[in-house]
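# got a sequence here, can you build the structure:
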Amino acid sequence: MAPGMLQIAVLAAGALAGLGTALGIWWLVPAQPDLRDALERLSPEHARHPANTATPGPGSEDLTGQVGRWAMTRLPAGVGGPVPARDLALLRKPVSRFYGEKVLFALLGLAIPPVLTTLFNTAGAGLPFYLPAGASLALAAVMFWLPNYNAHDDARAARTEFTRALGAYIDLVALERLSGAGPRQAMEAAAAVGDSWVFTRLAEELARTRWSGLTPWEALRALGAELALPELDDLADIMRLSGEEGAQVYTTLRARSAGIRTALLSAEKARASEVAERMTIPMSLLGVIFLAILVAPALLRVIGGPT
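Prediction:
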């Protein structure tokens, strides 16, 4: 073995030994819980949505949830970065499952490069042994943050779906108010019409207000703040005027639903324009390549001169 390779082997062995020792100490020393996170879990507002924060019993969780519960108790506070609480609350994904996905994805990232290197070396590629070590760490770091991206992307799609369904819900509330129903009755009857997850979520919030002491519009405002849905704030303001001051809100509700649909349509048009602009790039490249094929023979004759 060359001296340089021997030094690299010694450094790699020392790094692995140090990493193993650090992991052993890390396993034995209990993690210090984040006081703010613990108090938020015990708060009454946090307990309103047990599906988002509470962890079920060990027997009722799958492997991902169990791994996440282990990570939440063993890993240092803040090692996974900020938790997208609003996105997870909207998706109704427990925090334990979120952490479990991060740990499992990181382990998968650690395992992929060594497996591929072994396969390539079996085929005679002759890849150095230190190559999968660096690739494993890099891929594990990338895949550790992949659940954050997935949660953000899924929550963005869910918010778009929620906004689209909210426009129909506001129309239903307006029709109920026009037929003479009170504010609470109109909101509850409109939520009972649909069977999608948006209508179910609204119906749950409205049903909870019957024993929580909150008015329906206060519950909608709290839900909008929790899930980052400003459209619910507008609906809560309109229904507050109807419930506390007896205002006629049919026209206002219809105008608000029309505004939501207009905003969604504008966003869809902008997205379609972006896709159309991206489609022109390969067409332009094809045109350039075609012109180069046509011009190349004549250009070569000119450069080559008379034969």
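
# check which helix or strand covers residue 102.
Taking DSSP states H and E as the criterion, residue 102 maps to helix 95-122.

# which strands and helices sit next to that helix?
When contacts are defined as 3 or more CB pairs under 8 Å, 6 or more residues apart in numbering; DSSP states H and E, helix 95-122 packs onto helix 63-74, helix 130-144, helix 146-178. In this view, the C-beta of every residue, glycine as well, is placed from N, C-alpha and C.

# residues of the first one that come out buried?
In other words, helix 63-74. Residues 64-69, 71-72 are the ones in helix 63-74 that count as buried (16 or more other CB atoms under 10 Å).

# after it, which helix or strand is next?
Counting by DSSP H and E, what follows helix 63-74 is helix 85-91.

# which secondary structure elements does whichever helix in the chain runs longest contact?
Assignment by DSSP state H gives helix 250-304 as the longest helix of the chain. For helix 250-304, the packing partners by 3+ CB pairs under 8 Å, 6+ apart come out as helix 146-178, helix 230-245.

# the ones you listed: which one's closest to residue 291?
helix 146-178 (39.5 Å; CB to CB).

# what angle do the closest one and helix 130-144 make?
Here the directions of helix 146-178 and helix 130-144 differ by 10 degrees (axes from the mean of the first three to the mean of the last three CA atoms, to 10 degrees).

# who are the packing partners of helix 146-178?
Under the contact criterion of 3+ CB pairs under 8 Å, 6+ apart, helix 146-178 touches helix 85-91, helix 95-122, helix 183-191, helix 197-212, helix 230-245, helix 250-304.

# gap between the longest helix of the chain and the chain center?
Relative to its chain's centre, helix 250-304 lies at 28 Å (CA atoms, centre = their mean, to the nearest Å).

# do the same with stretch 236-256
33 Å.

# in the stretch 151-300 of the chain, where is pLDDT below threshold?
246 (pLDDT under 70).

# go again using 50 as the cut-off
Of all residues in the stretch 151-300 of the chain, none has pLDDT under 50.

# got it, and the stretch 1-150 of the chain?
The stretch 1-150 of the chain contains residues with pLDDT under 50 at 1-4, 44, 47, 49-59.

# apply 90 and report the result again.
Within the stretch 1-150 of the chain, the stretches with pLDDT under 90 are 1-86, 89, 92-97, 103, 106-142.

# contacts only, for residue 259.
Going by CB atoms under 8 Å, 6 or more residues apart in numbering, residue 259 touches no other residue.

# er, residue 205 actually
Applying CB under 8 Å, 6+ apart, we find residue 205 in contact with 219-220, 223.

# what's the neighbour count on the closest residue to residue 105 other than its chain neighbours?
Among residues not flanking residue 105 along the chain, residue 143 sits closest, at 4.1 Å (CB to CB, 6 or more residues apart in numbering). Neighbour count of residue 143, defined by other CB atoms under 10 Å: 19.

# cool, and residue 209?
By other CB under 10 Å, 19 other residues sit near residue 209.

# can I assume it is in contact with residue 221?
No. If you go by CB atoms under 8 Å, residue 209 and residue 221 don't touch, sitting 11.5 Å apart.

# can I get the CA coordinates of stretch 273-293 in CSV?
C-alpha atoms of stretch 273-293 as CSV (Å, rounded to 0.1, in the frame of the first residue of the first chain):
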residue,chain,number,x,y,z
SER,A,273,-47.7,31.0,-18.5
GLU,A,274,-44.5,29.8,-16.7
VAL,A,275,-44.9,26.3,-18.1
ALA,A,276,-45.5,27.7,-21.6
GLU,A,277,-42.3,29.8,-21.4
ARG,A,278,-40.3,26.8,-20.3
MET,A,279,-41.6,24.8,-23.2
THR,A,280,-40.3,27.4,-25.7
ILE,A,281,-36.7,26.7,-24.6
PRO,A,282,-36.3,23.2,-26.0
MET,A,283,-38.1,24.3,-29.2
SER,A,284,-35.6,27.1,-29.6
LEU,A,285,-32.7,24.7,-29.0
LEU,A,286,-34.1,22.4,-31.7
GLY,A,287,-34.3,25.3,-34.1
VAL,A,288,-30.7,26.3,-33.4
ILE,A,289,-29.5,22.7,-33.9
PHE,A,290,-31.4,22.4,-37.2
LEU,A,291,-29.9,25.7,-38.5
ALA,A,292,-26.4,24.5,-37.5
ILE,A,293,-26.9,21.2,-39.4
